[in-house]
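Participant: this is a predicted model, with the sequence first.
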Amino acid sequence: MVKQKALIEKRLRRLERALRPLDEKRLSEFEKVRDDPAAFAERFLNFTPLPYQEKILADTSKRIAVRMCRQAGKTTTIAVRAIWYAATHPRTLSLIVAPSLRQSMIMMDRIQGFLNGMKPQDRRVIVDKIQRTVVWFRNGSQMVALPCSPNLLRGYTAHQVLADESAFFRDDEIIFYNVLYPMLATTNGTLIASSTPWATRSVFYQMCMDPKLESTWSRHHVTWRDVVAAGLMTQEFIDEMRQVSPPERFIREFEAEFSEDVDAYVPQELIASCIWTDAWHGLNPRQIYYPFESTPKGLFSVGIDLGEIHDHSVVSVVERWNSRIGLVHCHQFPLKTPYATVIGYVKALSDRFQSIEKILVDATRESYVVKDMQAAGIDQVSPVTFSMQSKQEIANYLKEQMQLKTFALPYDPDVIAELNLEKFELTKDGNIKFYHDEGTHDDRFWSIALAVYASRESEKPTFIPIRKR
(Lines give C-alpha, C1' and ligand atoms only; values in the text may rest on other atoms or scores of the structure.)
Protein backbone atom coordinates (compact mmCIF):
# COMPACT_ATOMS: atom_id res chain seq x y z
CA MET A 1 0.00 0.00 0.00
CA VAL A 2 2.80 2.41 0.85
CA LYS A 3 4.52 1.82 -2.50
CA GLN A 4 1.24 2.21 -4.40
CA LYS A 5 0.48 5.47 -2.61
CA ALA A 6 3.96 6.84 -3.34
CA LEU A 7 3.62 5.88 -7.01
CA ILE A 8 0.22 7.59 -7.29
CA GLU A 9 1.57 10.74 -5.66
CA LYS A 10 4.54 10.76 -8.02
CA ARG A 11 2.27 10.48 -11.06
CA LEU A 12 0.02 13.26 -9.74
CA ARG A 13 3.03 15.54 -9.29
CA ARG A 14 4.14 14.86 -12.88
CA LEU A 15 0.63 15.56 -14.17
CA GLU A 16 0.44 18.77 -12.18
CA ARG A 17 3.82 19.86 -13.54
CA ALA A 18 2.76 19.11 -17.11
CA LEU A 19 -0.47 21.09 -16.75
CA ARG A 20 1.13 24.03 -14.98
CA PRO A 21 1.03 27.08 -17.26
CA LEU A 22 4.41 28.13 -18.58
CA ASP A 23 5.85 31.57 -18.09
CA GLU A 24 4.55 33.52 -21.11
CA LYS A 25 7.47 35.94 -21.02
CA ARG A 26 10.04 33.17 -21.21
CA LEU A 27 8.08 31.42 -23.91
CA SER A 28 8.19 34.63 -25.92
CA GLU A 29 11.96 34.93 -25.37
CA PHE A 30 12.38 31.30 -26.43
CA GLU A 31 10.52 31.96 -29.70
CA LYS A 32 12.84 34.88 -30.48
CA VAL A 33 16.03 32.77 -30.33
CA ARG A 34 14.78 29.40 -31.59
CA ASP A 35 16.39 29.98 -35.03
CA ASP A 36 19.68 31.37 -33.65
CA PRO A 37 21.67 28.72 -31.72
CA ALA A 38 24.29 31.22 -30.53
CA ALA A 39 21.62 33.55 -29.16
CA PHE A 40 19.82 30.54 -27.67
CA ALA A 41 23.04 29.52 -25.89
CA GLU A 42 23.61 32.99 -24.47
CA ARG A 43 20.03 33.48 -23.32
CA PHE A 44 19.18 30.05 -21.90
CA LEU A 45 22.51 28.29 -21.26
CA ASN A 46 24.58 31.28 -20.11
CA PHE A 47 27.21 30.35 -22.71
CA THR A 48 28.81 32.74 -25.18
CA PRO A 49 30.33 30.78 -28.06
CA LEU A 50 33.70 31.64 -29.55
CA PRO A 51 33.83 32.53 -33.25
CA TYR A 52 34.74 29.01 -34.41
CA GLN A 53 32.11 27.51 -32.09
CA GLU A 54 29.47 29.87 -33.46
CA LYS A 55 30.22 28.67 -37.01
CA ILE A 56 29.59 25.07 -35.97
CA LEU A 57 26.41 25.97 -34.12
CA ALA A 58 25.04 27.91 -37.08
CA ASP A 59 25.88 25.25 -39.68
CA THR A 60 22.61 24.02 -41.24
CA SER A 61 24.21 21.20 -43.27
CA LYS A 62 22.93 17.65 -42.91
CA ARG A 63 26.48 16.23 -42.73
CA ILE A 64 29.01 18.02 -40.53
CA ALA A 65 32.59 16.87 -39.78
CA VAL A 66 34.39 18.58 -36.91
CA ARG A 67 38.13 18.34 -36.25
CA MET A 68 39.14 20.27 -33.16
CA CYS A 69 42.39 20.32 -31.22
CA ARG A 70 42.60 19.50 -27.53
CA GLN A 71 41.04 22.00 -25.13
CA ALA A 72 39.19 23.79 -27.93
CA GLY A 73 35.79 23.07 -26.41
CA LYS A 74 34.65 20.32 -28.77
CA THR A 75 32.45 18.58 -26.20
CA THR A 76 30.94 21.87 -25.07
CA THR A 77 30.19 22.96 -28.64
CA ILE A 78 28.48 19.70 -29.58
CA ALA A 79 26.56 19.66 -26.28
CA VAL A 80 25.18 23.15 -26.89
CA ARG A 81 24.26 22.23 -30.45
CA ALA A 82 22.46 19.09 -29.21
CA ILE A 83 20.41 21.01 -26.66
CA TRP A 84 19.43 23.73 -29.13
CA TYR A 85 18.35 21.19 -31.76
CA ALA A 86 16.27 19.09 -29.37
CA ALA A 87 14.66 22.14 -27.76
CA THR A 88 13.70 23.77 -31.06
CA HIS A 89 12.72 20.71 -33.11
CA PRO A 90 9.63 19.08 -31.54
CA ARG A 91 9.21 15.32 -31.32
CA THR A 92 12.72 14.51 -32.51
CA LEU A 93 15.22 11.92 -31.30
CA SER A 94 18.89 12.81 -30.87
CA LEU A 95 21.44 10.05 -30.29
CA ILE A 96 24.86 10.55 -28.70
CA VAL A 97 27.19 7.81 -29.93
CA ALA A 98 30.81 7.32 -28.83
CA PRO A 99 33.39 4.50 -28.73
CA SER A 100 32.14 3.51 -25.26
CA LEU A 101 29.20 4.31 -23.02
CA ARG A 102 31.63 6.10 -20.72
CA GLN A 103 32.61 8.45 -23.55
CA SER A 104 28.95 8.99 -24.46
CA MET A 105 28.26 9.85 -20.86
CA ILE A 106 30.97 12.52 -20.89
CA MET A 107 28.95 14.28 -23.56
CA MET A 108 25.68 13.62 -21.72
CA ASP A 109 27.19 14.97 -18.48
CA ARG A 110 28.10 18.19 -20.28
CA ILE A 111 24.57 18.44 -21.68
CA GLN A 112 22.99 17.83 -18.29
CA GLY A 113 25.41 20.28 -16.70
CA PHE A 114 24.05 23.00 -18.98
CA LEU A 115 20.45 21.99 -18.32
CA ASN A 116 20.87 21.79 -14.55
CA GLY A 117 22.67 25.15 -14.58
CA MET A 118 19.71 26.93 -16.16
CA LYS A 119 17.41 29.12 -14.14
CA PRO A 120 14.53 26.99 -12.85
CA GLN A 121 11.98 29.11 -14.72
CA ASP A 122 13.94 28.72 -17.97
CA ARG A 123 14.38 24.99 -17.48
CA ARG A 124 10.60 24.58 -17.12
CA VAL A 125 10.18 26.03 -20.61
CA ILE A 126 12.54 23.49 -22.19
CA VAL A 127 13.07 20.36 -20.08
CA ASP A 128 10.60 17.77 -18.86
CA LYS A 129 12.73 15.11 -17.19
CA ILE A 130 16.42 14.19 -16.87
CA GLN A 131 17.79 10.69 -16.27
CA ARG A 132 21.34 9.34 -16.40
CA THR A 133 21.36 8.43 -20.09
CA VAL A 134 18.15 10.08 -21.32
CA VAL A 135 16.73 13.61 -21.41
CA TRP A 136 13.09 14.33 -22.22
CA PHE A 137 12.11 17.78 -23.50
CA ARG A 138 8.75 19.48 -23.07
CA ASN A 139 8.21 19.58 -26.83
CA GLY A 140 8.29 15.78 -27.01
CA SER A 141 11.94 15.50 -28.11
CA GLN A 142 14.30 13.00 -26.57
CA MET A 143 18.07 12.66 -26.25
CA VAL A 144 19.76 9.29 -25.59
CA ALA A 145 23.42 8.38 -24.92
CA LEU A 146 24.63 5.06 -26.34
CA PRO A 147 27.93 3.23 -26.90
CA CYS A 148 29.21 2.42 -30.39
CA SER A 149 27.50 -0.96 -30.62
CA PRO A 150 25.51 -2.18 -33.64
CA ASN A 151 23.29 -4.29 -31.37
CA LEU A 152 22.28 -1.34 -29.20
CA LEU A 153 22.01 1.19 -32.02
CA ARG A 154 19.86 -0.82 -34.41
CA GLY A 155 16.14 -0.18 -34.16
CA TYR A 156 16.34 3.57 -33.64
CA THR A 157 14.99 6.11 -36.12
CA ALA A 158 16.87 9.31 -35.35
CA HIS A 159 16.61 12.92 -36.44
CA GLN A 160 20.10 13.84 -35.21
CA VAL A 161 23.16 11.70 -34.50
CA LEU A 162 26.16 13.12 -32.65
CA ALA A 163 29.09 10.75 -33.30
CA ASP A 164 31.78 11.78 -30.82
CA GLU A 165 35.41 10.63 -31.23
CA SER A 166 34.38 9.07 -34.55
CA ALA A 167 37.97 8.28 -35.53
CA PHE A 168 38.07 5.63 -32.78
CA PHE A 169 34.91 3.73 -33.72
CA ARG A 170 35.57 0.03 -33.94
CA ASP A 171 34.20 -1.40 -37.22
CA ASP A 172 33.51 2.17 -38.29
CA GLU A 173 32.31 1.24 -41.79
CA ILE A 174 29.61 -1.01 -40.34
CA ILE A 175 28.64 1.58 -37.72
CA PHE A 176 28.29 4.46 -40.18
CA TYR A 177 27.12 2.82 -43.40
CA ASN A 178 25.02 -0.06 -42.02
CA VAL A 179 23.63 1.51 -38.84
CA LEU A 180 23.81 5.31 -38.53
CA TYR A 181 23.07 6.36 -42.11
CA PRO A 182 19.98 4.10 -42.41
CA MET A 183 18.47 5.39 -39.16
CA LEU A 184 18.53 8.93 -40.64
CA ALA A 185 17.04 7.97 -44.01
CA THR A 186 13.33 8.48 -43.32
CA THR A 187 13.84 11.63 -41.24
CA ASN A 188 16.37 13.36 -43.50
CA GLY A 189 18.27 13.78 -40.26
CA THR A 190 21.57 15.41 -39.35
CA LEU A 191 24.83 13.55 -38.72
CA ILE A 192 27.60 15.38 -36.87
CA ALA A 193 30.91 13.47 -36.69
CA SER A 194 33.52 14.99 -34.39
CA SER A 195 36.90 13.70 -33.29
CA THR A 196 40.57 14.23 -32.73
CA PRO A 197 42.26 12.94 -35.93
CA TRP A 198 43.59 9.40 -35.85
CA ALA A 199 44.06 6.79 -38.59
CA THR A 200 43.99 7.81 -42.24
CA ARG A 201 42.24 4.57 -43.20
CA SER A 202 38.98 5.44 -41.49
CA VAL A 203 35.52 6.72 -42.31
CA PHE A 204 36.18 9.89 -40.33
CA TYR A 205 39.24 10.61 -42.47
CA GLN A 206 37.10 10.31 -45.59
CA MET A 207 34.52 12.66 -44.12
CA CYS A 208 37.21 15.26 -43.43
CA MET A 209 39.61 14.82 -46.35
CA ASP A 210 38.13 12.90 -49.29
CA PRO A 211 37.64 15.34 -52.23
CA LYS A 212 34.71 13.24 -53.46
CA LEU A 213 32.80 14.05 -50.27
CA GLU A 214 33.60 17.77 -50.25
CA SER A 215 30.16 18.71 -51.60
CA THR A 216 28.42 16.39 -49.13
CA TRP A 217 30.21 17.17 -45.88
CA SER A 218 30.54 20.58 -44.25
CA ARG A 219 33.99 20.56 -42.67
CA HIS A 220 35.24 22.46 -39.61
CA HIS A 221 38.93 22.45 -38.69
CA VAL A 222 40.03 24.15 -35.45
CA THR A 223 43.74 24.23 -34.50
CA TRP A 224 45.73 25.54 -31.57
CA ARG A 225 46.03 28.87 -33.37
CA ASP A 226 42.28 29.42 -33.12
CA VAL A 227 42.31 28.45 -29.47
CA VAL A 228 45.24 30.75 -28.62
CA ALA A 229 43.54 33.61 -30.49
CA ALA A 230 40.39 32.97 -28.43
CA GLY A 231 42.39 33.14 -25.19
CA LEU A 232 41.76 29.56 -24.02
CA MET A 233 45.45 28.61 -24.23
CA THR A 234 48.70 30.55 -24.21
CA GLN A 235 51.48 30.46 -26.77
CA GLU A 236 53.86 29.43 -23.98
CA PHE A 237 51.75 26.33 -23.29
CA ILE A 238 51.77 25.39 -26.97
CA ASP A 239 55.56 25.83 -27.13
CA GLU A 240 55.91 23.56 -24.11
CA MET A 241 53.62 20.91 -25.65
CA ARG A 242 55.60 21.06 -28.89
CA GLN A 243 58.77 20.24 -26.93
CA VAL A 244 57.45 17.45 -24.69
CA SER A 245 55.01 15.75 -27.09
CA PRO A 246 56.02 13.31 -29.82
CA PRO A 247 55.74 15.07 -33.21
CA GLU A 248 52.94 12.77 -34.41
CA ARG A 249 50.89 13.34 -31.26
CA PHE A 250 51.34 17.12 -31.41
CA ILE A 251 50.21 17.12 -35.05
CA ARG A 252 47.10 15.10 -34.20
CA GLU A 253 46.12 16.70 -30.93
CA PHE A 254 47.05 20.36 -31.45
CA GLU A 255 47.21 20.84 -35.21
CA ALA A 256 44.15 18.56 -35.54
CA GLU A 257 45.76 17.02 -38.63
CA PHE A 258 45.96 13.38 -39.65
CA SER A 259 49.46 11.89 -39.55
CA GLU A 260 50.88 8.66 -40.91
CA ASP A 261 52.54 6.16 -38.57
CA VAL A 262 54.70 4.20 -40.99
CA ASP A 263 57.28 3.22 -38.38
CA ALA A 264 54.87 2.51 -35.50
CA TYR A 265 54.91 -1.10 -34.35
CA VAL A 266 51.17 -1.03 -33.62
CA PRO A 267 49.46 1.04 -36.35
CA GLN A 268 46.61 3.43 -35.60
CA GLU A 269 44.15 1.41 -37.65
CA LEU A 270 44.93 -1.76 -35.68
CA ILE A 271 44.49 0.04 -32.34
CA ALA A 272 41.14 1.50 -33.39
CA SER A 273 39.94 -1.97 -34.43
CA CYS A 274 40.54 -3.22 -30.87
CA ILE A 275 38.52 -0.56 -29.03
CA TRP A 276 36.08 -2.36 -26.77
CA THR A 277 32.40 -2.60 -27.68
CA ASP A 278 29.62 -3.81 -25.42
CA ALA A 279 29.01 -6.88 -27.59
CA TRP A 280 32.66 -7.88 -27.83
CA HIS A 281 32.33 -11.14 -25.96
CA GLY A 282 28.66 -11.12 -24.97
CA LEU A 283 29.22 -11.52 -21.24
CA ASN A 284 30.15 -8.59 -19.03
CA PRO A 285 32.11 -6.13 -21.13
CA ARG A 286 34.48 -3.64 -19.53
CA GLN A 287 34.29 -0.28 -21.25
CA ILE A 288 35.96 1.27 -18.23
CA TYR A 289 38.61 -0.11 -15.89
CA TYR A 290 37.96 -2.05 -12.73
CA PRO A 291 38.68 0.42 -9.90
CA PHE A 292 41.56 -0.35 -7.57
CA GLU A 293 39.07 -0.79 -4.70
CA SER A 294 36.89 -3.33 -6.53
CA THR A 295 36.90 -7.09 -5.94
CA PRO A 296 36.08 -8.59 -9.34
CA LYS A 297 35.87 -12.32 -9.97
CA GLY A 298 37.45 -13.74 -13.08
CA LEU A 299 40.70 -15.01 -14.59
CA PHE A 300 43.32 -12.26 -14.55
CA SER A 301 46.92 -11.80 -15.63
CA VAL A 302 49.17 -8.91 -14.65
CA GLY A 303 52.09 -7.21 -16.38
CA ILE A 304 54.44 -4.84 -14.52
CA ASP A 305 56.96 -2.57 -16.19
CA LEU A 306 59.28 -1.09 -13.57
CA GLY A 307 60.72 2.39 -13.68
CA GLU A 308 61.67 4.88 -11.00
CA ILE A 309 63.69 7.96 -11.97
CA HIS A 310 63.33 8.49 -15.73
CA ASP A 311 60.56 5.96 -16.48
CA HIS A 312 57.21 5.21 -14.91
CA SER A 313 56.21 2.02 -13.19
CA VAL A 314 53.00 0.69 -14.74
CA VAL A 315 50.70 -2.12 -13.59
CA SER A 316 48.30 -3.55 -16.20
CA VAL A 317 45.68 -6.27 -15.74
CA VAL A 318 43.93 -8.27 -18.44
CA GLU A 319 40.93 -10.54 -17.96
CA ARG A 320 40.51 -13.76 -19.92
CA TRP A 321 37.30 -15.28 -21.23
CA ASN A 322 38.25 -18.54 -22.94
CA SER A 323 40.33 -17.43 -25.94
CA ARG A 324 39.60 -13.70 -25.55
CA ILE A 325 41.29 -11.16 -23.33
CA GLY A 326 40.62 -7.55 -22.46
CA LEU A 327 42.50 -4.78 -20.65
CA VAL A 328 40.56 -4.14 -17.43
CA HIS A 329 43.01 -2.12 -15.33
CA CYS A 330 46.02 0.09 -16.10
CA HIS A 331 47.73 2.25 -13.50
CA GLN A 332 50.79 4.43 -14.14
CA PHE A 333 52.71 5.62 -11.09
CA PRO A 334 54.31 9.08 -10.95
CA LEU A 335 58.04 9.31 -11.61
CA LYS A 336 60.25 8.55 -8.61
CA THR A 337 57.63 6.32 -6.97
CA PRO A 338 59.48 3.86 -4.69
CA TYR A 339 59.29 0.20 -5.63
CA ALA A 340 57.88 -0.53 -2.17
CA THR A 341 54.77 1.45 -3.17
CA VAL A 342 54.44 -0.54 -6.38
CA ILE A 343 54.80 -3.82 -4.46
CA GLY A 344 52.09 -2.71 -2.01
CA TYR A 345 49.79 -1.85 -4.90
CA VAL A 346 50.30 -5.24 -6.56
CA LYS A 347 49.81 -7.03 -3.24
CA ALA A 348 46.46 -5.27 -2.77
CA LEU A 349 45.43 -6.18 -6.34
CA SER A 350 46.41 -9.82 -5.84
CA ASP A 351 44.26 -9.94 -2.70
CA ARG A 352 41.23 -8.28 -4.34
CA PHE A 353 41.17 -9.56 -7.93
CA GLN A 354 39.98 -13.18 -7.85
CA SER A 355 41.75 -14.89 -9.29
CA ILE A 356 45.10 -13.71 -10.66
CA GLU A 357 46.72 -16.57 -12.52
CA LYS A 358 50.07 -15.03 -13.41
CA ILE A 359 52.12 -11.87 -12.81
CA LEU A 360 55.08 -11.04 -15.05
CA VAL A 361 57.55 -8.37 -13.97
CA ASP A 362 60.28 -6.67 -15.97
CA ALA A 363 63.23 -7.57 -13.75
CA THR A 364 65.98 -6.69 -16.21
CA ARG A 365 67.66 -4.28 -13.81
CA GLU A 366 65.81 -4.79 -10.52
CA SER A 367 65.73 -8.56 -9.97
CA TYR A 368 65.43 -8.07 -6.21
CA VAL A 369 61.94 -6.61 -6.64
CA VAL A 370 60.60 -10.05 -7.59
CA LYS A 371 62.07 -11.55 -4.41
CA ASP A 372 60.49 -8.73 -2.38
CA MET A 373 57.14 -9.45 -4.02
CA GLN A 374 57.43 -13.14 -3.24
CA ALA A 375 58.37 -12.29 0.34
CA ALA A 376 55.22 -10.15 0.53
CA GLY A 377 53.11 -13.18 -0.36
CA ILE A 378 52.64 -12.53 -4.08
CA ASP A 379 53.12 -16.13 -5.20
CA GLN A 380 52.02 -15.77 -8.84
CA VAL A 381 54.94 -13.51 -9.79
CA SER A 382 57.62 -14.48 -12.33
CA PRO A 383 60.56 -12.37 -13.57
CA VAL A 384 61.27 -11.39 -17.16
CA THR A 385 64.57 -10.20 -18.58
CA PHE A 386 64.10 -7.80 -21.48
CA SER A 387 66.40 -8.49 -24.40
CA MET A 388 66.01 -8.01 -28.13
CA GLN A 389 64.78 -11.59 -28.41
CA SER A 390 62.35 -11.59 -25.46
CA LYS A 391 60.96 -8.16 -26.35
CA GLN A 392 60.28 -9.35 -29.88
CA GLU A 393 58.48 -12.46 -28.59
CA ILE A 394 56.34 -10.51 -26.09
CA ALA A 395 55.48 -7.64 -28.44
CA ASN A 396 54.71 -10.02 -31.31
CA TYR A 397 52.24 -11.90 -29.13
CA LEU A 398 50.41 -8.67 -28.25
CA LYS A 399 50.23 -7.63 -31.90
CA GLU A 400 49.10 -11.10 -32.93
CA GLN A 401 46.19 -10.99 -30.47
CA MET A 402 45.21 -7.56 -31.77
CA GLN A 403 45.29 -8.76 -35.37
CA LEU A 404 43.19 -11.82 -34.46
CA LYS A 405 40.69 -9.53 -32.69
CA THR A 406 41.05 -11.57 -29.51
CA PHE A 407 42.36 -8.60 -27.48
CA ALA A 408 40.32 -5.50 -26.66
CA LEU A 409 41.01 -2.31 -24.73
CA PRO A 410 38.76 0.45 -23.40
CA TYR A 411 38.74 3.89 -24.98
CA ASP A 412 41.63 5.38 -22.99
CA PRO A 413 43.36 8.20 -24.94
CA ASP A 414 46.63 7.86 -23.00
CA VAL A 415 46.89 4.11 -23.54
CA ILE A 416 45.86 4.44 -27.20
CA ALA A 417 48.47 7.11 -27.84
CA GLU A 418 51.27 5.23 -26.08
CA LEU A 419 50.58 1.98 -27.89
CA ASN A 420 51.08 3.90 -31.13
CA LEU A 421 54.32 5.55 -29.94
CA GLU A 422 56.39 2.36 -29.89
CA LYS A 423 58.50 2.26 -33.05
CA PHE A 424 60.61 -0.46 -34.60
CA GLU A 425 63.33 -1.10 -37.15
CA LEU A 426 64.72 -4.27 -38.65
CA THR A 427 68.32 -5.12 -37.86
CA LYS A 428 70.74 -6.63 -40.38
CA ASP A 429 70.26 -10.10 -38.89
CA GLY A 430 66.47 -9.89 -39.33
CA ASN A 431 65.50 -9.14 -35.73
CA ILE A 432 63.27 -6.29 -34.56
CA LYS A 433 64.72 -3.43 -32.52
CA PHE A 434 62.16 -1.42 -30.52
CA TYR A 435 62.55 2.24 -29.60
CA HIS A 436 60.55 5.35 -28.83
CA ASP A 437 61.26 9.02 -29.49
CA GLU A 438 63.24 11.03 -26.97
CA GLY A 439 60.99 12.62 -24.37
CA THR A 440 58.29 9.95 -24.73
CA HIS A 441 57.52 6.86 -22.65
CA ASP A 442 56.61 3.30 -23.58
CA ASP A 443 55.98 1.98 -20.06
CA ARG A 444 52.28 1.36 -20.65
CA PHE A 445 53.09 -0.48 -23.87
CA TRP A 446 55.40 -3.00 -22.21
CA SER A 447 53.22 -3.39 -19.13
CA ILE A 448 50.20 -4.26 -21.31
CA ALA A 449 52.32 -6.51 -23.52
CA LEU A 450 53.55 -8.41 -20.46
CA ALA A 451 50.00 -8.82 -19.14
CA VAL A 452 48.77 -10.15 -22.48
CA TYR A 453 51.76 -12.50 -22.75
CA ALA A 454 51.09 -13.76 -19.22
CA SER A 455 47.54 -14.72 -20.23
CA ARG A 456 48.71 -17.46 -22.62
CA GLU A 457 47.03 -20.79 -21.87
CA SER A 458 48.73 -23.18 -24.25
CA GLU A 459 52.22 -22.99 -22.86
CA LYS A 460 54.19 -21.35 -20.14
CA PRO A 461 56.08 -18.20 -21.19
CA THR A 462 59.73 -18.76 -21.95
CA PHE A 463 62.29 -16.09 -21.18
CA ILE A 464 65.97 -15.38 -21.18
CA PRO A 465 67.19 -16.18 -17.62
CA ILE A 466 67.95 -13.26 -15.34
CA ARG A 467 71.59 -12.34 -15.40
CA LYS A 468 73.48 -12.71 -12.16
CA ARG A 469 75.14 -9.60 -10.85
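Facilitator: All right, it came through fine. Numbers count the residues shown, from 1 in each chain.

Participant: so residue 190 makes contact with residue 59?
Facilitator: No - Residue 190 lies out of contact with residue 59 (C-beta atoms under 8 Å); the separation is 9.4 Å. Using the backbone N, CA and C atoms, a C-beta is placed for each residue, glycine as well.

Participant: of the two, who's got more company?
Facilitator: Remark: of residue 190 and residue 59, residue 190 carries more neighbours, 22 against 18, as counted by other C-beta atoms under 10 Å.

Participant: residues touching the more buried one, list them.
Facilitator: Counting by C-beta atoms under 8 Å, 6 or more residues apart in numbering, residue 190 makes contact with 61, 62, 63, 64, 85, 159, 160, 161, 184.

Participant: again, 6 Å this time
Facilitator: Neighbouring residues of residue 190 by C-beta atoms under 6 Å, 6 or more residues apart in numbering: 62, 160.

Participant: what touches both of residue 190 and residue 59?
Facilitator: Joint contacts of residue 190 and residue 59 (C-beta under 6 Å, 6+ apart) do not exist.

Participant: now name the helix or strand holding the residue nearest in space to the middle of the chain.
Facilitator: The residue lying closest to the centre of the chain (C-alpha atoms, centre = their mean) is residue 411, at 3.4 Å. Assigned by DSSP states H and E, residue 411 belongs to no helix or strand.

Participant: equivalent analysis for residue 378, please.
Facilitator: Going by DSSP H and E, residue 378 is not in any helix or strand.

Participant: so what pLDDT did it get?
Facilitator: Looking at residue 378, its pLDDT reads 91.

Participant: now swap in residue 201 and tell me
Facilitator: 85.

Participant: neighbours of it, how many?
Facilitator: Based on other C-beta under 10 Å, the number of other residues close to residue 201 is 12.

Participant: got the phi/psi numbers for it?
Facilitator: phi -100, psi 70 (degrees, to the nearest 10).

Participant: my guess is it contacts residue 269. True?
Facilitator: Yes - with contact defined as C-beta atoms under 6 Å, residue 201 and residue 269 form a contacting pair (5.0 Å).

Participant: list the beta-bridge partners for residue 300.
Facilitator: Following DSSP bridges, residue 300 is listed with bridge partners residue 319, residue 356.

Participant: now do the one 5 residues further on
Facilitator: On the basis of DSSP bridges, residue 305 takes part in beta bridges with residue 314.

Participant: angles on the backbone of the nearest residue to the residue nearest to the centre of the chain once chain neighbours are set aside, please.
Facilitator: Counting by C-beta to C-beta, 6 or more residues apart in numbering, residue 99 is the residue found nearest to residue 411 once chain neighbours are left out, at 4.1 Å. With angles defined as degrees, to the nearest 10, residue 99 shows backbone torsions of phi -60, psi -30.

Participant: which residues sit in contact with residue 99?
Facilitator: Residue 99 neighbours (C-beta under 6 Å, 6+ apart): 148, 165, 168, 275, 411.

Participant: and of those residues, the nearest to residue 52?
Facilitator: If you rank the contacts of residue 99 by distance to residue 52 using C-beta to C-beta, residue 165 comes first, at 18.8 Å.

Participant: burial of that closest one, as a residue count?
Facilitator: 26.

Participant: same deal with residue 156?
Facilitator: 17.

Participant: distance of the nearest residue to it once chain neighbours are set aside relative to residue 126?
Facilitator: Of all residues not flanking residue 156 in the chain, residue 183 sits nearest, at 5.2 Å (C-beta to C-beta, 6+ apart). In this view, residue 183 and residue 126 are 25 Å apart by C-beta to C-beta, to the nearest Å.

Participant: try residue 138
Facilitator: Residue 138 is 6 Å from residue 126, where distance means C-beta to C-beta.

Participant: so where's the chain uncertain?
Facilitator: 1-27, 261-262, 277-288, 428-430, 457-469 (pLDDT under 70).

Participant: repeat that for 50
Facilitator: 15, 19, 280-286, 458, 460-469 (pLDDT under 50).

Participant: show me it divided up by domain.
Facilitator: As given by automatic domain parsing, the domain ranges for the chain are 22-230, 268-454.

Participant: what's the closest of those to residue 245?
Facilitator: Per C-beta to C-beta, nearest to residue 245 of these: domain 268-454, 7.9 Å.

Participant: start and end of that closest one, how far apart?
Facilitator: 24 Å (C-alpha to C-alpha, to the nearest Å).

Participant: off-centre distance for it?
Facilitator: Its chain's C-alpha centre and that of domain 268-454 lie 19 Å apart, by C-alpha atoms, centre = their mean, to the nearest Å.

Participant: start to end distance for stretch 146-153?
Facilitator: Stretch 146-153: ends 7 Å apart by C-alpha to C-alpha.

Participant: let me see the backbone angles for residue 409.
Facilitator: Per degrees, to the nearest 10, the backbone of residue 409 is at phi -140, psi 150.

Participant: ok, now residue 128?
Facilitator: Dihedral angles (degrees, to the nearest 10) for residue 128: phi -100, psi -60.

Participant: number of nearby residues for residue 164?
Facilitator: The burial count for residue 164: 25, using other C-beta under 10 Å.

Participant: err, residue 168, not the other one
Facilitator: Residue 168, neighbours per other C-beta under 10 Å, totals 25.
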